[in-house]
Every structure is written in structure tokens, then in C-alpha cells.
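Asker: what shape does this take:
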Amino acid sequence: MLRSVATVGAWTMASRMLGFARDMLIAAKLGATPMADAFFVALRLPNLFRQLFGEGAFNAAFVPAFAGTYAAEGPAKARMLANSLAALMAAFLSGLVILGIVFMPQLLFVLAPGFVGEAVRFPLAVELTRITFPYLLFICLAALVSGVLNGMNRFGAAAAAPILFNLVSMAALLGLTPFVATPAHALAWGVVASGVLQLAMLLVAARMAGMVVNPVSVPRLSPEVRTVLRRMAPGLVGAGITQVNLAIGIIIASLLPEGAVSFLYYADRISQLPLGVIGAAVGTALLPLLARQLRTGQRLSAHRSQNRAIELTLAFALPAAFAMAVVAQPIISALFERGAFDARATAATSAALVAYAVGLPAFVLVKALTPGFFARGDTATPVKIGLLVVVLNLALNLILTRHFSHVGIALATSAASWVNVALLALLLTRRGQLVLDRRLRRAAPRLLGAALVMSAVLIVLQAALFPIASGWWRLSALALLIAAGMASYFGAAQALGGLDLRDALRTLRRRRG
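Answerer: Predicted coordinates for the structure are as follows:
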């Protein structure tokens, strides 16, 4: 599992680095203006549906079924399953895209009520979202093909595909802006183009792996297809709950003063780095692994895999959370404060980043715990937990935004995520499906100690470097902070016994060999 996590994590890290470059370019061109608010809503809406119908509910039901079928019954049966589901998804999502484009004003009336009646944000958001909405069709099909590759234990192409999103977005912003109405229009067209290219790349990768996926084939409602669809039902409700949480944030942010949507977007983008690199990597590698181990009766191996996934999660999520909380202001200042993004936007975004950092370990731990349910065919339990979490999130949003404005939205998200983790872990433990082994119990407090050592180093260096750093030199100062933080954390973790870096390197070399 370590090599699979490293593969996914490395490609995701590359994508996130390019994502930072893209967001720096967006911040310089759009800042935290009404145009930026409108574009971020236009980007968030197809992503809500993508996570609902693509990566969330579908993968939770499809990847274990495909991986199990591929291992037990061979490629032919697995190909039939993938093609039938691809055809069903393509037909359904095509209809959804058409309806969304036609009824976009009504949809945004619900999801961004604070924009309604405004001369700039509402009409611009409607126009931009109509452009970006077809993206969900291409990216959901791309998620299916990614699931096929992951189920075959091929993680590279699926993890590398999002790089195209960032490259195409930057190219569109720089190249299309002179030919369209606004820079936001150029970005919107770039989003759609990136979806087409990602799907094309993954279809080629699947073909090269010997698995031809055809979304325009005639679907067969075989027993395996019906099983996936049946398991998707509670997963759709669960994913819908998650998207309701996100939609609540958008709705409430749209009611706040101009810029709130943008502040939360930029802060969320920073917090998504460890979530994408660590959480997505662990969840992506763990789900098919657990499914295969449980399908073939390797219960002890599944137990070990779950513990190592949690250990990996803590090893990287804890220092990331502490670092973001301690040096939030330098991070936002160095990355975004130029052009249309001013010091006021830096302060507001930094406060939101601190709030997201509080919940970062929880965001990532969810990715390590939910495969424990999905690999056993249980997509209903996370739904029941999610129902409680969405109610809690709504209540906290209403309470906290009164006192903390947009920061209250981030705080509510973090608090609700910790409750989600606690309930998932409690139920897995009660069922005997999660027992923390001696290695994990020993490592966790030592990793926390290493994160505290790193935080002290960052506080001292921040006070020495950033009062004298200005302009583009802030990027150099931030790079020095990151290097010092990583060195101090991994050094302390090795000294305290929380990590054995030499053992990890030996494992990677052995797997590569």
C-alpha cells in the first residue's frame, strides 16, 4: 500500500503545485472581486454534482465491485461491468447537463441567494455556470475510468489527470482573455476543455492497460450492475449530504459581504493540498486493497492495512495542520498578495485558513476510515452518520457566522468533520473492524510531539524572516519556512520514534525493485 500511496501522492502533489500557480494567477487577475465570486460559484456548482455522481457515491460502490470482479472472474466480466455503467452514467448526466443549463437562473437562486438582484454577480454567475456545467459530464466519466484503473492496481494515470485541469486553466486565462468578455469567461472555457482532455487521457490509459471503456455502448443490467446501482443508492444520499454541507457554505457565504466566497475559496485551496495529497492518496489506495483482502478472506491483512492507513494519515496531516495554523498569514501573503489581491484580502483569507487547519486532520482521517465501510459493501452507515453531521454543520454555520462572518463557515466545517470522524471510528470499533494496533498507539503521540517541535521552529523563523521580506522575496522566505518545517518535523519524528524513515525508504526501494 505504501508504494501505491506514494504514487498517488506524488502525482497529486505535482497537481497541487500547479494548482497553486493557477490560483496565484487567478488571484492576481481577479482578486476577491465580484467577478471572482461569480467564477468560484460557477466552478463549485459542477464540482458539487461531480462529487455527488462521480467520485463519491459511484466510486464507493463501483471500485470494490470492479476490483473484486477483476480479481475473481477475470478482465472480460470486469470490462462488461465498466462499459454498462459508463453507458448508464453518460446517458443520465447528459440529461442532467441539459436541464442544468436551461434552469441555471433558478438553480443559482437556491444555491447563491445572496447574488440575486445584484447587477454584476448574479447575471455573471449564471453565464459562467452555463459554460462550466458540461464539465461534470466529462469529469464524472473520467472518475469512472479512474476507478477502472485503480481497480486494476494502476494508480499513475488517474492521479496525473488533474494536472491537465491546472495547465489548461492557466493557458486559457493567459491565452483566451483578449478574445472573450472577461478573464472569468476564459477560465470557464478552460474548465470545460480540461474535462474533455482528462477523459481522453484516461480512456487511452485504460486501453493501454488492456481495458477498453466505451461510454456509448449498450448497457447490460447484469446482476453485478444491479448490485453497484443498489449500493450507490445510499451512497448517493451520503454524498448528497456532503454536498449539502458544501452548498450550505456557498449559500451562507453568498449572503455575506462581497469577497466572502473568494476568501473561503483561496483558503480552502491551501487546505486541500494535504487533503488531496494524503487523504485522496490513502483513500484511493486503501479501498481496492481492502476489497481484495476481504474478498479473499485475508482479515488480518485488512486489519493491518487499515492501521497503516491511519498511521500514514496522522504522519502527514498533523504537521500540515499545525503549519497552516502557525504560518497562515505568510502562506497567503506569499502566494496571493499581488495585483488585485490586497492586504485586506490576505488578512481575511488567513483567518479562514486557520479555521480550516483546525479540522484538517479530521478531513483526512475520514478518507482513511470510510473505506472500512465501503470495502465491506456497507454504504448505508456513513449516510446515517452524515445526516447527523449535516444538521450539526447547518446549526454551527448559523451560530458562528453571526460572530465570525466567513471564518464561522470554515470553523463549522472543521467542527462537523471531527464529529464525523469520531462517529465513524466508534462504529468500526464496536463492530470489531477497527482495532488500533500497538504500532499505531505508540506512533500517534510521538507524531504529535514532532508537530509541536516543528511549530516552535516555524514561529521563530516567521518572526525573523517575514517582517523583512517583501514582494516576490516572500516566496523565497516561504520556501525556507517549508524546508525548515519539514526538516524539523521529520527529524523530531525520527528522534522520538514516531516514524522510521529508513524503514519507509527500504520498503519503497523493495517494492520498486
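Asker: residue ranges with poor pLDDT in the stretch 151-300 of the chain?
Answerer: 218-219, 231-246, 275-288, 291 (pLDDT under 70).
Asker: tell me the pLDDT of Asp37.
Answerer: Asp37 carries a pLDDT value of 91.
Asker: and the helix or strand harbouring it, what's buried?
Answerer: Using DSSP states H and E, Asp37 sits within helix 34-50. Buried residues in helix 34-50, counting neighbours by 16 or more other CB atoms under 10 Å, are found at 34-50. Bear in mind the C-beta positions are built from the backbone N, C-alpha and C, glycine included.
Asker: so what's the gap between that helix and the chain middle?
Answerer: With CA atoms, centre = their mean, to the nearest Å as the basis, helix 34-50 stands 15 Å off its chain's centre.
Asker: who's in contact with Val126?
Answerer: With contact taken as CB atoms under 8 Å, 6 or more residues apart in numbering, Val126 is in contact with 104-105, 108.
Asker: go on, Gln462?
Answerer: Residues near Gln462 by CB under 8 Å, 6+ apart: 326-327, 330, 481.
Asker: rerun that using 10 Å as the cut-off
Answerer: By CB atoms under 10 Å, 6 or more residues apart in numbering, the contact set of Gln462 is 326-327, 329-330, 477-478, 481, 484.
Asker: buried subset of these, written for PyMOL?
Answerer: In PyMOL syntax, the buried subset of the contacts of Gln462 is picked out as below (16+ other CB under 10 Å):
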select buried, resi 326+327+329+330+477+478+481+484
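Asker: make CSV out of the contacts of Gln462 and add distance to Gly449 and secondary structure.
Answerer: Listed next are the contacts of Gln462 as CSV, based on distance: CB to CB, whole Å; DSSP: H, G, I helix; E, B strand; the rest coil:
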residue, distance to Gly449, secondary structure
Val326, 16, helix
Val327, 19, coil
Gln329, 25, helix
Pro330, 24, helix
Ala477, 27, helix
Leu478, 25, helix
Leu481, 20, helix
Ala484, 18, helix
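Asker: can I get the contacts of Gln462 in JSON lines with pLDDT and distance to Val145?
Answerer: Formatted as JSON lines, the contacts of Gln462 follow (pLDDT from 0 to 100; distance: CB to CB, whole Å):
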{"residue": "Val326", "pLDDT": "94", "distance to Val145": "40"}
{"residue": "Val327", "pLDDT": "93", "distance to Val145": "38"}
{"residue": "Gln329", "pLDDT": "92", "distance to Val145": "41"}
{"residue": "Pro330", "pLDDT": "91", "distance to Val145": "39"}
{"residue": "Ala477", "pLDDT": "88", "distance to Val145": "42"}
{"residue": "Leu478", "pLDDT": "89", "distance to Val145": "36"}
{"residue": "Leu481", "pLDDT": "92", "distance to Val145": "39"}
{"residue": "Ala484", "pLDDT": "94", "distance to Val145": "41"}
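Asker: Pro382 and Leu388 touch, don't they?
Answerer: No: in this structure, Pro382 is not within contact of Leu388 by CB atoms under 10 Å, at 11.0 Å.
Asker: now do the helices in the stretch 151-300 of the chain.
Answerer: 156-160, 162-175, 183-208, 223-255, 260-274, 281-295, 299-326 (DSSP state H, counting those that start in this stretch).
Asker: how about Val120, nearest residue that isn't a chain neighbour?
Answerer: Leaving aside its sequence neighbours, Val120 sits nearest to Pro34 (CB to CB, 6 or more residues apart in numbering; 4.7 Å).
Asker: now do His303
Answerer: Val435 is the one closest to His303 (CB to CB, 6+ apart), at 6.6 Å.
Asker: burial check on that neighbour, number of neighbours?
Answerer: Using other CB atoms under 10 Å, Val435 has 11 other residues around it.
Asker: please tell me how far the residue nearest to Val120 sits from Ala42.
Answerer: 13 Å (CB to CB, to the nearest Å).
Asker: intersection of neighbour lists for those two?
Answerer: 124-125, 184.
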